[in-house]
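**Q** I need the structure of the sequence given here:
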Amino acid sequence: MRFQGIAGLDGNGNQPWGAVVTIGEKGPSGAPTNTDRFFIKKPQAETTEFRGRSGLVRKNHPDFEKFNQFDDLRWRQTIRFNIVHAVHLRDDWASVEPCFHFQLKAQMLPRHKGHPKKVPTCTGNGVKARRYVGEENGEHMFEDIACPHRLCQFRTGTSPVCKPSARFGFQLRWPDGSKLPTPLTKFVSHSWHNTNKAFIPFFQFLHEQAMSLGVEDYTLYGLPGVMVLGKKSMGNNRSVPVVSVSTDFPPGVTLQEFFLAQRLKLRELNGFTDARRITDDSSTEQYIDAAEIEPGLPAVFDVGGE
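**A** Below you'll find the model as predicted:
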């Protein structure tokens, strides 16, 4: 007898990441460097020595050597992608999670023992949190607590250890003719700006557009987008790298057409025919099936008159 599957093994929510996009990289001291450009890294981090101490570092992905060594920042500051998860925002942020996930996270807490497997010490959503409290009888223990959010002592000061942690998953997209791979890729940010002013508004805008068009059963699967790296001024001649995210359709194609084409396809699959009656000058009735109308483009008919 042969069996398929093993009880208790379900992937644990992991995804087959093939690459990671980062802003800059870690220099010889472990500090960020080259933060004016994107890098494409291996998905697995490796232990590396930094002047007497060790840390986890992602190495440059060998399949993207051409990209990582390109000097023209116009190319290094742009990542084009396609969303490859059938996500939406109808059920709030839980229904977007395979593609975009965000939470509060503290990898380590002062005077607090960390998890030996590098699991974050504390995670939360501003209302509830789960904190690692140590090992008991060989089992790692976590405690569910109320999340103080902005009042948390670990979110205050000049270097707070509790920050947003946002993960965006996508498929890389290159110009036609490129031989660069297109693996499932993730971008991780701990920036308040990137989380609250780039990614959250991006998904909210897409949802609002679909709802405005009456495409309630929409998904974002296949949607083309672009992530652009820039700078935000912080005063005192200081700036930090930030990203912007937007749709990236070919010339002449709009987001509205993308959603309307989805609605048309759903109606076809459900056997629904939307017929419009058009009467010309000779009073001859014509019926046009929705499948014959270009998605998102208005049907224009000459009905006479001025």
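
**Q** following element in sequence after the top strand by length along the chain, please.
**A** Identified as the longest strand of the chain according to DSSP state E is strand 32-50. On the C-terminal side of strand 32-50, the closest following helix or strand by DSSP states H and E is strand 53-60.

**Q** packing partners of that following strand?
**A** When contacts are defined as 3 or more Cβ pairs under 8 Å, 6 or more residues apart in numbering; DSSP states H and E, strand 53-60 sits against strand 19-26, strand 32-50. Bear in mind the C-beta positions are built from the backbone N, C-alpha and C, glycine included.

**Q** so for this structure, the centremost residue is which one?
**A** Nearest to the mean C-alpha position of the chain, by Cα atoms, centre = their mean, lies residue 168 at 2.5 Å.

**Q** need the mean per-residue confidence for the strand or helix carrying that one.
**A** Element membership for residue 168 (DSSP H and E) is strand 163-172. Taken as a whole, strand 163-172 has an average pLDDT of 98.

**Q** circling back: residues making contact with the longest strand of the chain?
**A** Outside of strand 32-50, the residues within contact range by Cβ atoms under 8 Å, 6 or more residues apart in numbering are 17-30, 54-61, 64, 67-68, 73, 76-79, 172, 185-186, 229, 231, 241.

**Q** separate out the buried members of these.
**A** 18-26, 57-58, 60-61, 64, 67-68, 76-77, 79, 172, 185-186, 229, 241 (16 or more other Cβ atoms under 10 Å).

**Q** what bits of the stretch 151-300 of the chain have low per-residue confidence?
**A** Scanning the stretch 151-300 of the chain for pLDDT under 70 picks out 271-300.

**Q** how about the strands in it?
**A** Here the stretch 151-300 of the chain has its strands, by DSSP state E, counting those that start in this stretch, at 163-172, 184-189, 224-235, 238-247, 275-279, 285-289.

**Q** one step back: partner residues bridging the residue nearest to the centre of the chain?
**A** When assigned by DSSP bridges, residue 168 has beta-bridge partners residue 100, residue 187.

**Q** okay but it is in contact with residue 186, surely?
**A** Yes - at 6.6 Å, residue 168 counts as touching residue 186 under the criterion of Cβ atoms under 8 Å.

**Q** which residue packs closest to residue 232, ignoring adjacent ones?
**A** In space, residue 232 comes closest to residue 242 once its chain neighbours are excluded; the distance is 4.5 Å by Cβ to Cβ, 6 or more residues apart in numbering.

**Q** hang on, that neighbour packs against residue 189?
**A** No - if you go by Cβ under 8 Å, residue 242 and residue 189 don't touch, sitting 9.0 Å apart.

**Q** more neighbours, the two?
**A** Set residue 242 next to residue 189 and count neighbours by other Cβ atoms under 10 Å: residue 189 wins out with 22 against 18.

**Q** list the residues that contact residue 194.
**A** Contacts of residue 194 (Cβ under 8 Å, 6+ apart): 166, 242, 243.
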